[in-house]
Structure formats: structure tokens, C-alpha cells
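> This is a predicted model, with the sequence first.
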Amino acid sequence: MVRKKNAMPELGELVLATVVEVSPTHVYLILDDYRGYGPGRDGINREGFNVHQSIKNNAIAYMHVSEVANFWIKQIRDFIREGQKHVLKVLKLDKGMAWVSKRRVSGQEAKKKLAETKRSNRAEGLLTFLADRLKVSRDAVYEKIGFVLDDAYGGDLWSAFEDIKEQGLDAVADLKFDVDDAWLKELERIVQQNVEIPVVNITGEFELVSYEPNGVEIIKEALAAGESVLTQKEGAKLSFQVLAPPRYRLEVEAPDYQTAEGILKKVETKVLKVIKKGGTGTFTRAK
């Protein structure tokens, strides 16, 4: 469970919630990440809620049976039961509660939200580790570091740690932290020890031929053009390897497949455009 700075979510936001009470007409849930305004503001008795103590007093969500599915439901418990976690969309905020919907969340949206939650939980683990190292409360670390990074990175705290892993504290040098340098240096040490940047590798093969007197130079120029497409912003690497002329192997390493495929396509376009000046070329994507 990740602590959010705001007490309640925003309208239209996707949230993760734990079912705490099911009736034939409605469901009550606890929002995993939002603290709410404290018990009593929503008028809900939490004594019977079977949830972890760390979120028992969190914000309450209300879901009408009509928002559970896109079809008529005979038995609500066939779809919703106590203890389950669901990704929901916030429809409105009223009386200290979030009114939510399950049926308005697509499968793709739910999958993305769960992946984001997994990253956030890992990030919170590092903040807890930092609090232990500094011998302070986790709430203090959130207030002085966590919320600053979370705001700056649009709620994706793990991305902040990935940037610190790659660039050190320079990645967050423009942010204002109300802490001693010792806190930030300890954070950097923890990040360097515990964060691994995911990478993917994709490959392909060029066949480049030129019978011109300067054919070797034309091929070199084509390969150099391919290498020139890479920018530091993409956080990727590419390399060419001579298999046996006229075959040249291309390997692209990037943080994700979308970035890697985009780079691969740019390299292919550049290389084949240049080789046309005095030769021929083909490209085959490795399966």
C-alpha cells in the first residue's frame, strides 16, 4: 500500500480498493492508497472490517450494484466478495467517500493499474528501508522526500528511483527537499544497491552491397548513419557487428520493447537510405 499526499483521489482516477462489506444493493471498500479525512467523517463503522490495520482507517469507497458489471446481476457475491482487491474508477466524491465503478474500467486499464501498483509498492519498500537506515518514521521520509518525488514524476515514484540509478542525485537536483544532504546521499546509496534498470534486446541483420570504387566507404557511411539515430534521451544502446561481408548484425538494447522497436525502425530507414547512394541493401528482423 502506497501513501498518497492527498486525502482523496481525483474524479476519473483509477484506484485500487479492498472489499470490506457486501450487500445485495451496494459494496463498501477501503481505498488502499488514500488516507481519507479520518474515521467519523464518512459515518462508517470500521470495527468489523477485516483488512490490514495499516489501511483500516483509510478512505471509504461506495459502489452501487449497478456499477459492478455491464449486465444484470442476480447474486452480487458471484462477482464481489470481502477481501478481494479491485481496480475501480472514481465517479464522484461525496460525504467523505469516493463513489466508484468497476464496470467502467477496461481490462487493459485494470492491468496497467496493477502494474503501476506493483512498481509503487517496490518504491515504498525503498522508502521504508531509507527510514530504517535514518532511524526516522516512514511518514517523515514520505513528507520530506517521497511526496516531492511522487509529485515531480506524476505519481510514478519508481521512475524517480530509476533516474537516480542512472544519473545519481543530478537527476533530481532541481527539486526542493527539506532535508539534510545526508538523507539524499543515503537514498542514492539504497537506490544504487537495490534498483535494476530493465532492458530488452532485439536484433536484426543488414545485407549491404556496393560495387562502386569507394564501396567500402559507402557501407561505412550507411552504418554510421544508423548509429547516429540514437539519442541520450532514449536511454538505449545499439551496436553493429560484422558477420561476414555483406552481412552486418544490428543489436538494440533499450528499457522497453516499444523504445527498442522504434530505434530499430529508424536505424533500418537511415541505413537503407544511405546505401542507395551507391549500392543495395536489405534488412531482416530476427525472430
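Yep, that arrived. Residues are numbered from 1 along each chain as shown.

> Assign residue 240 to helix, strand or coil.
strand (DSSP: H, G, I helix; E, B strand; the rest coil).

> do the same with the one 10 residues further on
In three-state terms, and counting by three-state DSSP, residue 250 is strand.

> nearest residue to it other than its sequence neighbours?
The shortest distance from residue 250 to any non-neighbouring residue, by C-beta to C-beta, 6 or more residues apart in numbering, is to residue 204 (5.0 Å). (C-beta placed from N, C-alpha, C; glycine too.)

> ok, the one you found - contacts?
Residue 204 makes contacts with 249, 250, 264, 268, 283, 284, 285, 286, as judged by C-beta atoms under 8 Å, 6 or more residues apart in numbering.

> what's the distance between the closest residue to residue 255 other than its chain neighbours and residue 224?
Spatially, and ignoring its direct neighbours in sequence, residue 255 is nearest to residue 235 (5.6 Å; C-beta to C-beta, 6+ apart). From residue 235 across to residue 224, the span is 21 Å (C-beta to C-beta, to the nearest Å).

> more neighbours, those two?
It is residue 235, of residue 235 and residue 224, that has more neighbours when counted by other C-beta atoms under 10 Å, with 18 against 13.

> Need the pLDDT of the more buried one.
You'll see residue 235 listed with a pLDDT of 72.

> now the one 4 residues further on
pLDDT recorded at residue 239 is 94.

> Tell me which residues touch it, please.
Counting by C-beta under 8 Å, 6+ apart, residue 239 has contacts 250, 251.

> Quick check: bridge partners of it?
Residue 239 has the following beta-bridge partners by DSSP bridges: residue 251.

> gap between it and residue 194?
29 Å.

> can you check residue 249 too?
Counting by C-beta to C-beta, the gap from residue 249 to residue 194 is 34 Å.

> Repeat that for residue 230.
28 Å.

> quick one, which of these two is more surrounded?
residue 230 (17 against 13).

> pretty sure that one is touching residue 240, no?
No - the pair residue 230 and residue 240 fails to qualify as a contact (C-beta atoms under 8 Å) at a distance of 11.8 Å.

> ranges for the helices of the stretch 101-250 of the chain?
107-134, 138-141, 147-152, 157-167, 181-194, 215-227 (DSSP state H, counting those that start in this stretch).

> Which one, of the ones you listed, ends up nearest to residue 255?
helix 157-167 (8.3 Å; C-beta to C-beta).

> ok, and what's touching the closest one?
Contacts of helix 157-167 (C-beta under 8 Å, 6+ apart): 2, 119-120, 122-124, 126-127, 146, 149-150, 152-153, 171-172, 187-188, 191-192, 195-197, 235.

> now stretch 181-197
Against stretch 181-197 from outside (C-beta under 8 Å, 6+ apart): 126, 129-130, 133-134, 144-145, 161-162, 164-166, 168-169, 177, 235, 255.

> can you rerun that using 10 Å?
122-123, 125-127, 129-130, 132-134, 136, 140-141, 144-146, 149, 158, 160-166, 168-169, 171-173, 175, 177, 179-180, 235, 255 (C-beta atoms under 10 Å, 6 or more residues apart in numbering).

> now residue 44: how far from residue 37?
12 Å.

> typed the wrong thing, it's residue 80
Residue 80 is 25 Å from residue 37, by C-beta to C-beta.

> Next, show the common contact partners of residue 44 and residue 37.
Counting by C-beta under 10 Å, 6+ apart, the residues touching both residue 44 and residue 37 are 96, 97.

> In terms of packing, which of those two has more residues around it?
residue 44 (18 against 13).

> did I read that right, that one in a strand?
No - counting by three-state DSSP, residue 44 is not found in a strand; it is coil.

> dump the residue contacts of it.
Contacts of residue 44 (C-beta under 10 Å, 6+ apart): 20, 21, 28, 30, 36, 60, 62, 95, 96, 97.

> follow-up on the earlier one: just the buried ones from the contacts of residue 204, in ChimeraX syntax?
Filtering the contacts of residue 204 down to the buried ones (16 or more other C-beta atoms under 10 Å) takes a single ChimeraX command:
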select :250,264,268,283
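
> Among the contacts of residue 204, find the lowest-pLDDT one for me.
Within the contacts of residue 204, pLDDT is lowest for residue 286, at 88.

> sorry, back to before: you'd agree the residue nearest to residue 255 is up against residue 259?
Yes - contact criterion C-beta atoms under 10 Å: residue 235 and residue 259 qualify, at 7.8 Å.

> Lovely, talk soon.
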